[in-house]
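In: just the structure for this:
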Amino acid sequence: MEPIRTHKGIVYPLNRSNIDTDQIIPKQFLKRISRQGFGQFLFYNWRFDHDGELREDFSLNNPAYKESSILVAGENFGCGSSREHAPWALQDYGFRVIIAPSFADIFYSNCTKNGILPVKLTEEQTQALIDRAESEAYTITVDLENKRVYDSSSFDASFDLPDYQREMLLNGWDEIAVTLTHENKITEFELQK
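Out: This is a model prediction of the structure:
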């Protein structure tokens, strides 16, 4: 995984709550066995019409958000099934950070295990980011080292992340990489047999 220390990016505002994993990546696209290639199907039922054409009424199809790497949404993001494909799709599309007032527990864990930083801010702070990003091209900075989200003018908020997940993201480690940090002890143990 790529380490995240400080990420500066364009905000994509998704002013909806209770976005479940089947909305993030519908079940018919879960046939791949690698983590790549899911981004094209992100929010498929919202982005495309029944003929597979882009819908003009869904904001992610707006060219202004094409380079967005920070998604800001309402509460309970990632609810529904525990499919790990949801963070894969978000990451493959280009999102590195997701900000919401709350996340489904399994989705939150899957994000940190796959290199996406989930940031919990208050409903008021989240709505302020959404409102600003809906009205203009809006760039913010998410600083994992100092646990802050800020812009170049007046927005500045702090967030928390458990130490274990924070260390994983700062170092770009997945579960295998964490295990390999103990490689010397593993080898020593194996040699004792």
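In: please make it C-alpha for all contacts and neighbour counts, starting now.
Out: Will do.
In: by mean pLDDT, flag the weakest helix or strand of the protein.
Out: Here the helix or strand of the chain ranked lowest by mean pLDDT, DSSP states H and E is helix 175-180, holding a mean of 84.
In: how about low-confidence regions in the protein?
Out: In the predicted model, the chain carries no residue with pLDDT under 70.
In: residue boundaries of the helices in the chain?
Out: 21-24, 44-47, 85-93, 105-113, 123-135, 163-171, 175-180, 183-191 (DSSP state H).
In: can I get those in a markdown table with distance to residue 71 and mean neighbour count?
Out: Below are those laid out as a markdown table (distance: least, CA to CA, whole Å; neighbours: other CA atoms under 10 Å):
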| stretch | distance to residue 71 | mean neighbour count |
| --- | --- | --- |
| helix 21-24 | 12 | 21 |
| helix 44-47 | 15 | 17 |
| helix 85-93 | 9 | 24 |
| helix 105-113 | 13 | 20 |
| helix 123-135 | 9 | 16 |
| helix 163-171 | 17 | 17 |
| helix 175-180 | 25 | 12 |
| helix 183-191 | 36 | 10 |
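In: circling back to that earlier point, output the least confident helix or strand of the chain as CSV, nothing but the C-alphas.
Out: Extracted in CSV, the C-alpha atoms of helix 175-180 (Å, rounded to 0.1, in the frame of the first residue of the first chain):
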residue,chain,number,x,y,z
GLU,A,175,-1.8,-7.1,7.4
ILE,A,176,1.0,-9.1,5.6
ALA,A,177,3.4,-6.2,5.9
VAL,A,178,2.7,-5.9,9.6
THR,A,179,3.5,-9.6,10.0
LEU,A,180,6.7,-9.2,8.1
